[in-house]
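1. below is the sequence, then the predicted model.
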Amino acid sequence: MNDAHQAMEKKPYLAVFDLDETLIAADSASLWNEFIVEKGLAPESLLVEEKELMEAYAKGNLDMHTYLRTTLKPIVGMDTQTLNQLMTEFLAQKIKPALYEDALSRIAWHKKRGDFILIISATGEHLVKPIAKLLGADDAIAINLEQINGIFTGKTTGTLSYQQGKVVRMKAWLEAQEIEFSGSYGYSDSINDLPMLDAVDRPFAVNPDPALALHAQMKDWTIMDWRHENNILR
């Protein structure tokens, strides 16, 4: 019985983090669009189009397929090697300065406990996975991008990890794991992630938008206030 009890105690918790506006004080796809426009790889009109689409996202009624068709255009025909080279520069210039210090501390807190860190985002995997690696996450779920012979087509595959799609993808991910978790934590800023937060045992609203803040207050969820001071991960 003692051995069984010890085995139960050793089961890690799963800590699920949204990425944009939760771990970083920005939207990673918006930062990427700024970056590739600055590099001359996309027209400035992309930023105008994206701003309009992000306004719909904030209201919780973004058509994700439309958003992806617009924002993935600049990488159509790009090979993975070129993208990886750009990513090194992008992480240094745009992502590191945008990280919440409190987010880094919370990830460190979970790691000290032996928890498993999973980042799940409604952004393309070409951005999410490198950022997740930078943050020391154990794994990441993002929108899957189609590649043919190492070339990005601009199309997506599988269920989009957006709104309820995050729960669908997370459940599929859990079923594929050999790890059994004791429970789960979840962190997000957006009402779009309400399905994900409802699916975890311990939800936290991080710098929540007004709709999520109201919901969190009604449900008596913990609300976390993470400040950004232009910190750079070292």
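-> Good, I have the coordinates.
2. show me where this protein has strands.
-> 14-17, 116-124, 139-148, 151-157, 184-188, 202-206, 222-224 (DSSP state E).
3. just send these back as TSV, with mean pLDDT too.
-> Below are the strands of the chain laid out as TSV (pLDDT from 0 to 100):
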stretch	mean pLDDT
strand 14-17	98
strand 116-124	97
strand 139-148	97
strand 151-157	95
strand 184-188	98
strand 202-206	98
strand 222-224	97
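4. indicate which one of these is closest to residue 32.
-> Residue 32 lies closest to strand 116-124 among the strands of the chain, at 8.5 Å (Cβ to Cβ). Every residue, glycine included, has its C-beta placed from N, CA and C.
5. give me the distance between that closest one and the centre of its chain.
-> 4 Å (Cα atoms, centre = their mean, to the nearest Å).
6. what's in contact with stretch 188-206?
-> By Cβ atoms under 8 Å, 6 or more residues apart in numbering, the residues outside stretch 188-206 that reach it are 14, 16-18, 20-22, 57, 60, 62, 103, 120, 122, 162-164, 166-167, 170-171, 183-187, 207-209, 211-213, 215-216, 219, 221-224, 226.
7. can you tell me how far residue 42 sits from residue 76?
-> As defined by Cβ to Cβ, to the nearest Å, residue 42 lies at a distance of 11 Å from residue 76.
8. and the two? which has more neighbours close in?
-> More neighbours surround residue 42 than the other of residue 42 and residue 76, with 19 against 11 (other Cβ atoms under 10 Å).
9. show me what contacts the more buried one?
-> Taking Cβ under 8 Å, 6+ apart as the test, what residue 42 contacts is 33, 36, 73, 74.
10. low-confidence bits of this structure, can you list those?
-> 1-9, 230-234 (pLDDT under 70).
11. quick one: the helices in it?
-> 2-9, 28-38, 45-58, 64-71, 80-90, 101-113, 125-135, 164-176, 194-199, 210-219 (DSSP state H).
12. many thanks, have a good one.
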